[in-house]
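Q: Quick one: sequence and predicted model below, then my questions.
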Amino acid sequence: MSAELEAALLKESRALGGLVEAVDRIKAVNDFFAQLDLELEQFADVRLEAVRELRAQGWSYDRIAAATSLSKARVAQLVKETGRGA
């Protein structure tokens, strides 16, 4: 994670933590998590494209798993999401 992103997240956390009312803090964090989930999809897309590239280069599930520290089962799930199949 970049230092800039880490700093931005810390700043946001402090801002949310500074809300006076507990209910407002909970709602604000819930909203933050919902937005963060949407933004994280972009990272998932980057990973899916990389898996697609490796499979196109002939990499096996085992090789991708070993090189990326993903489980073979997770690699299989990602390959399925790319629409390439086995």
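A: Received, thanks.
Q: okay, CA-based contacts and neighbour counts for the rest of this
A: Will do.
Q: What are the boundaries of the helices in this structure?
A: Using DSSP state H, the helices found in the chain span residues 3-17, 22-56, 61-68, 72-82.
Q: what comes up buried for the longest one?
A: For helix 22-56, the buried set under the neighbour-count rule, 16 or more other C-alpha atoms under 10 Å, comprises Arg25, Ala28, Val29, Leu48, Val51, Arg52, Leu54, Arg55.
Q: and which of the residues you listed is nearest Asp37?
A: Val29 (12.1 Å; C-alpha to C-alpha).
Q: I figured the closest one hits Leu16, correct?
A: Yes: between Val29 and Leu16 there is a contact under C-alpha atoms under 8 Å: 6.9 Å.
Q: how far away is Ala67 from Leu48?
A: 15 Å (C-alpha to C-alpha, to the nearest Å).
Q: With Glu12 instead?
A: With distances taken as C-alpha to C-alpha, Glu12 is found 29 Å from Leu48.
Q: Model confidence for Gly85, exactly?
A: Note for Gly85: predicted pLDDT of 46.
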